[in-house]
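In: no letters, just coordinates:
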């Protein structure tokens, strides 16, 4: 996950490896599956709201390897992680907290929404999406909390939020955390009509859903076209964009050209689309 505007980040007060287990899974729409995690360590998770994200370690063999993981992922710790044999090394991905409940039926619960691309049956989905569709209650994972990147302490009372489907959980978290007096617009692109959902948000923030005509088309261009067609407020505004890198770069470029100060634009490239070579 490529991240920028580091000055807007807020790290958790304590970073520690938490070992969680799958409680249940739910197919919430065509494009998403929700995995609910819990276990004794879940009570030690400290929710911060907004776009709180974490490192997710998914074991590929023996769950015991999770105990060998570090309590922080600095350069040295990452090198040690890479030193684990490939047949034993857990899959490492970054995800956003969709919801946290300290008082679930079995104790504290953490919801994680996974975007579904491809299928486990034909091998076209990635390792994290495959795990989300095939995991069972009791399966273990580990997480390292990394805090938030939305500039909560310095945010203006007007916002522009943009994301493709990979950023939908983050948008949902930001909207739910904003003061109820905040106004603005959130643009969210999704591949399927049933991926559209009600989001907890201030009444003055409109959510514009953009559903791609072709669910297999590259995410981002449709959302960017919507952003470029929207008027940019003349007054102070906090602009925030996450998702595929071309969408992120395009939205940031548009806002800055329209007069939004660079320090008021928070951006994060969650992923980068593969380049398609032209036939020789």
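Out: Received it, and whenever you're ready, just let me know what you need. Remember, it's a predicted structure, so these values are computed and weren't measured experimentally.
In: ok, residue 103 - how many residues close by?
Out: 7 (other C-beta atoms under 10 Å). Bear in mind the C-beta positions are built from the backbone N, C-alpha and C, glycine included.
In: what's the spacing between it and residue 52?
Out: 19 Å (C-beta to C-beta, to the nearest Å).
In: A helix includes residue 175, no?
Out: Yes - assessed by DSSP: H, G, I helix; E, B strand; the rest coil, residue 175 belongs to a helix.
In: show me what contacts residue 256?
Out: Going by C-beta atoms under 8 Å, 6 or more residues apart in numbering, residue 256 touches 262, 265.
In: for it, I want the exact helix or strand it lies within.
Out: Assigned by DSSP states H and E, residue 256 belongs to helix 245-257.
In: contact partners for the most centrally placed residue in the chain?
Out: Nearest to the mean C-alpha position of the chain, by C-alpha atoms, centre = their mean, lies residue 96 at 3.9 Å. The neighbours of residue 96, taking C-beta under 8 Å, 6+ apart as the test, are 51-54, 112-113, 167, 169-170, 173.
In: which of these fall in strands?
Out: 53-54, 112-113 (DSSP state E).
In: out of those residues, the closest to residue 44 would be?
Out: Closest to residue 44 out of the ones in strands among the contacts of residue 96 is residue 54 (12.8 Å), distances taken as C-beta to C-beta.
In: quick one: the closest one from residue 41, how far?
Out: 12 Å.
In: who has more neighbours out of those two?
Out: Applying other C-beta under 10 Å to residue 54 and residue 41 shows that residue 54 carries more neighbours, namely 22 against 17.
In: let me see the contact set for the more buried one.
Out: Residue 54 neighbours (C-beta under 8 Å, 6+ apart): 94-97, 143-146.
In: any idea how far it is from residue 168?
Out: From residue 54 to residue 168 the distance is 17 Å (C-beta to C-beta).
In: go on, residue 191?
Out: Applying C-beta to C-beta to residue 191 and residue 168 gives a distance of 11 Å.
In: same question for residue 154.
Out: For residue 154, the distance to residue 168 - C-beta to C-beta - is 24 Å.
In: same deal with residue 205?
Out: From residue 205 to residue 168 the distance is 15 Å (C-beta to C-beta).
In: for those two, indicate the residue with more neighbours.
Out: Neighbours per residue (other C-beta under 10 Å) separate residue 205 from residue 168, with residue 168 holding more: 26 against 20.
In: so what does the nearest residue in space to that one that is not next to it in sequence look like in phi/psi?
Out: Nearest non-adjacent residue to residue 168, counting by C-beta to C-beta, 6 or more residues apart in numbering: residue 188, 5.8 Å away. Here is the backbone geometry of residue 188 (degrees, to the nearest 10): phi -130, psi 120.
In: okay, now residue 188: neighbour count?
Out: 26.
In: go on, the one 3 residues further on?
Out: In terms of burial, residue 191 registers 22 neighbours under the definition other C-beta under 10 Å.
In: which residues touch it?
Out: Counting by C-beta under 8 Å, 6+ apart, residue 191 has contacts 30-31, 165, 211-212, 215-216, 219.
In: likewise for residue 51?
Out: Counted by C-beta under 8 Å, 6+ apart, residue 51 has contacts 96, 148-150, 170, 173-174, 242.
In: try 6 Å this time
Out: Taking C-beta atoms under 6 Å, 6 or more residues apart in numbering, we find residue 51 in contact with 96, 148-150, 170, 173-174.
In: for residue 166, same thing?
Out: 115, 243, 270.
In: selection in PyMOL covering whichever of those are buried, please.
Out: Command for PyMOL that selects the buried part of the contacts of residue 166, burial taken from 16 or more other C-beta atoms under 10 Å:
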select buried, resi 115+243+270
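In: quick check: longest strand of this structure.
Out: Max-length strand for the chain by DSSP E is strand 17-29.
In: alright, that wraps it up for me.
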